[in-house]
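Engineer: could you work out the structure for the sequence below:
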Amino acid sequence: MLKEERHKLIMREVNLHNKVLSADLSRLLDVSEDTIRRDFKELIDAGKILKVHGGAVSPSFHFPHNMQSDVYAREAKQVIAEKTKKLLKKDSTVLIEGGTTIIELAKAISNDLRATFFVLSPQVAIALSDREKLEVISIGGKLSKNANVHTGASVINQLADIKTDLCIIGANGLSVTDGLTDSDWEIVQIIKAMMRSSQKVAVLSISEKLNTTQRLKVCDLQAIDYLITELPPDDAFLAQYKGSVELL
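Structural biologist: Below you'll find the predicted structure:
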C-alpha cells in the first residue's frame with residue numbers, strides 16, 4: 001500500500017473514532033508499528049493529528065471549541081443534536097459525556113430549557129454555562145487528555161451517589177453483535193458507571209460508526225434505550241437495529 005493511501009486510511013480512522021491506536025492501525029493496514037509511527041510523524045508535522053500515548057487523536061476532538069478546527073461530519077452531528085433535544089424534558093436530570101457530537105448538542109440546547117445537567121467534560125460544561133435556566137454540575141476527577149472527560153475512581157464514586165433520568169453518551173463503535181465498544185479502558189469504566197446511574201441511556205452516533213467494533217466492550221445493544229443518528233429511523237441501513245433499541 002502506498003504511503004498516501006495509508007495516510008488517507010489513517011485520517012479516516014482518526015476522524016471516525018476520534019482516537020486510534022498504533023497497534024490497531026498496524027493490524028488494520030498490515031504494516032509494522034514503526035511504519036505507523038513514521039506516518040504519524042508526517043501527519044503530526046502537517047497538523048492533521050495530535051500524538052497521544054499509544055496512538056493519535058484528531059485536533060477537532062481535542063480542541064472542539066476552536067472554531068478553526070474542521071469537525072468531522074459536523075452537519076450530521078448537528079442533525080443528531082436536534083433530534084436529541086426531543087429527549088430533554090423540563091425539570092429532568094441529565095448525565096452527559098463528552099465528544100464532538102455532544103458538544104454540538106450542548107450548543108443546540110434552548111435557553112428556555114430548565115433542567116439539571118451532570119457533566120463529565122469540562123468543554124461540555126463550558127458550552128452549557130451560558131444557558132440561564134440550566135443547573136450545570138461538574139463531576140470531577142483525573143482529566144483524560146485523550147478524551148477530555150474526567151475519569152478514575154473518584155468519578156465512579158460520585159456517579160454511584162446520583163440517579164438521573166437520562167444518560168447521553170457518544171459512540172466509538174457500535175454493532176448488533178458486539179454492542180457498544182471503545183478503545184480506552186478508563187472511558188469504558190466511566191460509561192458503565194454512567195449507565196448504572198441513569199434510568200434511560202441514549203447513544204449518539206453518526207451512521208459511519210455503526211457496524212464497527214473497538215477492542216473493549218461497554219454493553220450489549222439491548223442495554224441502550226435510544227440510538228440517535230443523522231439517518232431517518234426507517235432508513236434501511238438501520239433495519240438490523242430495530243427491535244433492540246428505539247431509533248430516533
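Engineer: tell me the buried residues in the longest helix anywhere in the chain?
Structural biologist: The residue-count maximum for a helix in the chain (DSSP state H) belongs to helix 3-17. Using 16 or more other C-beta atoms under 10 Å as the test for burial, helix 3-17 gives 6-7, 10-11, 13-17. No exception for glycine: its C-beta is placed from N, CA and C like everyone else's.
Engineer: same deal with stretch 112-131?
Structural biologist: Residues 113, 115-121, 123-125, 127-128, 131 are the ones in stretch 112-131 that count as buried (16+ other C-beta under 10 Å).
Engineer: so which of those sit within helices?
Structural biologist: Short answer: those in helices (DSSP H) are 123-125, 127-128.
Engineer: include distance to Leu247 when you put the residues you listed into JSON lines, please.
Structural biologist: Putting those into JSON lines (distance: C-beta to C-beta, whole Å) gives the following:
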{"residue": "Gln123", "distance to Leu247": "28"}
{"residue": "Val124", "distance to Leu247": "24"}
{"residue": "Ala125", "distance to Leu247": "29"}
{"residue": "Ala127", "distance to Leu247": "26"}
{"residue": "Leu128", "distance to Leu247": "26"}
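Engineer: helix, strand, or coil at Val218?
Structural biologist: The three-state label given to Val218 by DSSP: H, G, I helix; E, B strand; the rest coil is strand.
Engineer: what's the distance between it and Leu166?
Structural biologist: For Val218, the distance to Leu166 equals 17 Å [C-beta to C-beta, to the nearest Å].
Engineer: lowest-pLDDT helix or strand in the chain?
Structural biologist: Ranked by mean pLDDT, DSSP states H and E, the helix or strand of the chain with the weakest confidence is helix 59-62, at a mean of 63.
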